[in-house]
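Novice: Below: sequence and its predicted model.
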Amino acid sequence: MVGIVVVSHSERAADGVAEVATEMGGDAGIVPAGGGPDGGIGTLAPDIEAAIREADDGDGVVVLVDLGSAVMNAEIAIEAVEDETDARIADAPLLEGALNAAVAAASGDTTVETVLEKAEEAREYRKLD
Amino acid sequence: MVDEHEQTAAVLDAVDAIADRIDAETDHLTDLDSAVGDADHGANMSRGFAAARDQTEDMDDATPADVVKTVGTALISEVGGASGPLYGGSIMKASAALAEGLTEEATIEFAETYLETVQDRGDARPGDKTMVDALVPAVHTYRKSIEEDDLPPLTALSKAVDAAERGVNYTVPLRARKGRASYLGWRSVGHQDPGATSTLYILEELLDVAAEHLDGEVDRDATSPTIPDEDLEE
């Protein structure tokens, strides 16, 4: 099954988004990677790299990111694992993208490409009207 | 070119000097970042370079490239903000250019790879009010001074530092288009970019350490780049 990594500047935000996505996505393997050094606000490439390795069962990983350094650190983490793991960053809002990805991954018979596509559909969601 | 062991010693001295300088400038960098960012640049850089110094202190017998690479990985691991991937990731990638040692050509390739990686990773261009505004003039001036003007590397580096300083000053009147500062819109105008500033500090320390190891005089009043002779242009 395609794995999912949730990257946020806040450890609690990453944990929380993973929690909501797990509730919706059932069996999907969702691993949070939040916070900077000493649990402060920030993101760390080695933490994201470890989360990608944990989330990957061989089918690849879709990485959801919040903003700024989360994107850059996720890129560095992906470069570090690229020989072993097919990991991609979803250009999508963190929570909605994680939910979509979780549902897609849990429905089985999906690839990194299709889970990524589902996650990125979340960009178009409207909340009113 | 001096032997590998002395090159490594020079790189270790540079790490030490940069860590000291960034530590001394922590509050100033934080003040600059308070105005336009999230006030963490001083602490992040200080923690990062302290870790880089710790992780390289027993590397006397390593190659210069390995020491530089370790600095990059230390920064990636210890800096929580955007400076981690920008500085650390770029140093790590550019370190491969030093595989044959610190030749003139290798230092040019290092500088250009570093600049390219920063620009790719951060998607920033000159004029965006970022570290790129210090780096582009520094790297271009360094290469031009060596390849076109046949100047010794130390003089070229001196001109590059001078160019970086003018790049830092250039960030002041610009509106930020990248990073946290861009959220401020027009209110970012009038503030000096923290990343460009820390880039300048690092270059200044590299110049000082290079001057010590090459027994050279440094003329920090050097104007860069060398202005072409008008008679020759006709």
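Specialist: Yes, it's here. Numbers count the residues shown, from 1 in each chain, chains lettered A, B, ... in the order given.

Novice: Show the contacting residues for B:L200.
Specialist: B:134, B:161, B:164-165, B:167-168 (CB atoms under 8 Å, 6 or more residues apart in numbering or on different chains). Every C-beta, even on glycine, is put in place using the N, C-alpha and C of the backbone.

Novice: Could you pick out which of the residues you listed are located in helices?
Specialist: B:134, B:161, B:164-165, B:167-168 (DSSP state H).

Novice: Can you give me the distance of the closest residue to A:I41 other than its chain neighbours to A:L94?
Specialist: Nearest residue to A:I41 in three dimensions, chain neighbours excluded: A:H9, at 5.0 Å (CB to CB, 6 or more residues apart in numbering or on different chains). A:H9 sits 10 Å away from A:L94, going by CB to CB, to the nearest Å.

Novice: where's the residue in chain B that chain A sits nearest to, which helix or strand?
Specialist: Chain A sits closest to B:G80 of chain B, with a gap of 2.4 Å, by CB to the nearest CB. Using DSSP states H and E, B:G80 sits in no helix or strand.

Novice: same question, A:E79
Specialist: If you go by DSSP H and E, A:E79 is part of helix A:69-81.

Novice: now the strands for chain A?
Specialist: A:3-8, A:30-34, A:61-65, A:87-89 (DSSP state E).

Novice: Columns distance to B:A10, mean pLDDT and mean neighbour count on top of the ones you listed, output as JSON lines?
Specialist: As requested, those are exported to JSON lines (distance: least, CB to CB, whole Å; pLDDT from 0 to 100; neighbours: other CB atoms under 10 Å in any protein chain shown):
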{"stretch": "strand A:3-8", "distance to B:A10": "37", "mean pLDDT": "98", "mean neighbour count": "30"}
{"stretch": "strand A:30-34", "distance to B:A10": "37", "mean pLDDT": "97", "mean neighbour count": "26"}
{"stretch": "strand A:61-65", "distance to B:A10": "38", "mean pLDDT": "98", "mean neighbour count": "30"}
{"stretch": "strand A:87-89", "distance to B:A10": "38", "mean pLDDT": "98", "mean neighbour count": "21"}
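
Novice: which residues does the closest residue in space to B:A181 that isn't next to it in sequence contact?
Specialist: In this structure, B:A181 finds its nearest non-sequential neighbour in B:V36, 3.8 Å apart by CB to CB, 6+ apart. Going by CB under 8 Å, 6+ apart, B:V36 touches B:176, B:180-181, B:184, B:188, B:191, B:193-194.

Novice: Okay, helices next: where are they in the chain?
Specialist: Here I'm looking at chain A. Remark: helices assigned in chain A by DSSP H are A:11-25, A:45-55, A:69-81, A:94-106, A:112-121.

Novice: ah, I was thinking of chain B
Specialist: Using DSSP H, the helices of chain B run over B:4-24, B:26-36, B:41-56, B:64-78, B:83, B:90-94, B:104-122, B:132-147, B:153-171, B:194-213, B:230-233.

Novice: near chain A, which residues of chain B show up?
Specialist: With CB under 8 Å from any CB of the partner chain as the criterion, chain B meets chain A at residues B:38, B:40, B:44, B:47, B:76-82, B:84-86, B:88-89, B:121-122, B:179-180.

Novice: Output the contacts of B:L200 in TSV; the columns should cover distance to B:E148 and neighbour count.
Specialist: Converted to TSV, these look like this (distance: CB to CB, whole Å; neighbours: other CB atoms under 10 Å in any protein chain shown):
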residue	distance to B:E148	neighbour count
B:A134	21	30
B:V161	18	25
B:A164	19	30
B:E165	21	20
B:G167	20	23
B:V168	24	24
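
Novice: any chance of those residues in TSV, plus pLDDT?
Specialist: Converted to TSV, the contacts of B:L200 look like this (pLDDT from 0 to 100):
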residue	pLDDT
B:A134	98
B:V161	97
B:A164	98
B:E165	97
B:G167	97
B:V168	98
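
Novice: Switch those residues over to CSV; also include distance to B:D149.
Specialist: Output for those, formatted as CSV (distance: CB to CB, whole Å):
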residue, distance to B:D149
B:A134, 21
B:V161, 16
B:A164, 18
B:E165, 19
B:G167, 19
B:V168, 23
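
Novice: and which of those residues is nearest to B:T103?
Specialist: When these are compared for distance to B:T103 (CB to CB), B:V161 wins out at 20.1 Å.

Novice: check contacts around the residue nearest to B:D27 when sequence neighbours are not counted.
Specialist: Excluding its sequence neighbours, the residue lying closest to B:D27 (CB to CB, 6+ apart) is B:G42, at 6.2 Å. The contact partners of B:G42, by CB under 8 Å, 6+ apart, come to B:25-31, B:33, B:194.

Novice: before we move on, the earlier item: who are the packing partners of the helix holding A:E79?
Specialist: Other elements packing on helix A:69-81 under the criterion 3 or more CB pairs under 8 Å, 6 or more residues apart in numbering or on different chains; DSSP states H and E are strand A:3-8, helix A:45-55, strand A:61-65, strand A:87-89, helix B:104-122.
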